[in-house]
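Chemist: below are the sequence and a predicted model for it; my questions follow.
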Amino acid sequence: MGDIKSPTLLFIKGGLMFLVGLTASAILLLRHPDWLAAGLLATAVWGFCRAYYFAFYVIDHYIDPGSRYAGLMDFIRRSMGKSWKPRA
């Protein structure tokens with residue numbers, strides 16, 4: 001299967017991913033309606049967003065310019081066999 005090139009399909013995919021996250025968060029908070037669960041959920045979302053940012057922006061702009069990955073699994077697979085050195 002090739003890459004999705006249609007902007008419309010990409011927006012639909014992004015919207016569906018947002019809906020999945022929103023639904024999962026709502027179900028979790030409905031089952032455990034307390035501040036601790038809400039705080040832990042917010043912290044987990046923030047942490048995963050920062051890890052995603054690191055995997056795709058920081059690596060590309062500061063560690064290995066021009067690197068491209070097909071997704072997180074591709075990033076993990078490639079990074080297992082690569083030792084990065086900081087740019088001078």
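Modeler: Nice, thanks for sending it over.
Chemist: now do the spatially most central residue of the chain, the pLDDT please.
Modeler: Nearest to the geometric centre of the chain sits Tyr52, at 3.9 Å (Cα atoms, centre = their mean). As predicted, Tyr52 sits at a pLDDT of 84.
Chemist: that one touches Gly71, doesn't it?
Modeler: No - the pair Tyr52 / Gly71 is not scored as a contact, 10.4 Å apart, by Cβ atoms under 8 Å. Where C-beta positions appear, they are placed from N, C-alpha and C, glycine not excepted.
Chemist: so who does the residue nearest to the centre of the chain touch?
Modeler: Leu72 (Cβ atoms under 8 Å, 6 or more residues apart in numbering).
Chemist: for Ile59, see how far away it is.
Modeler: Distance of Tyr52 to Ile59, computed by Cβ to Cβ, to the nearest Å: 11 Å.
Chemist: and the residue nearest to the centre of the chain, what element?
Modeler: Here Tyr52 sits within helix 35-53, counting by DSSP states H and E.
Chemist: domain map for the chain?
Modeler: Domain segmentation of the chain under automatic domain parsing yields 1-33, 34-88.
Chemist: by mean pLDDT, show me the worst of those domains.
Modeler: Taking the mean pLDDT of the domains of the chain, domain 34-88 comes last: a mean of 81.
Chemist: centre of the chain to that domain, how far?
Modeler: Chain-centre distance of domain 34-88: 7 Å, with Cα atoms, centre = their mean, to the nearest Å.
Chemist: repeat that for stretch 21-41.
Modeler: From the chain centre to the centre of stretch 21-41 is a distance of 19 Å (Cα atoms, centre = their mean).
Chemist: endpoint to endpoint, that stretch covers what distance?
Modeler: End-to-end distance of stretch 21-41: 11 Å, with Cα to Cα, to the nearest Å as the criterion.
Chemist: that one: which residues count as buried?
Modeler: Within stretch 21-41, no residue counts as buried by 16 or more other Cβ atoms under 10 Å.
Chemist: ok, and what's touching it?
Modeler: Val45.
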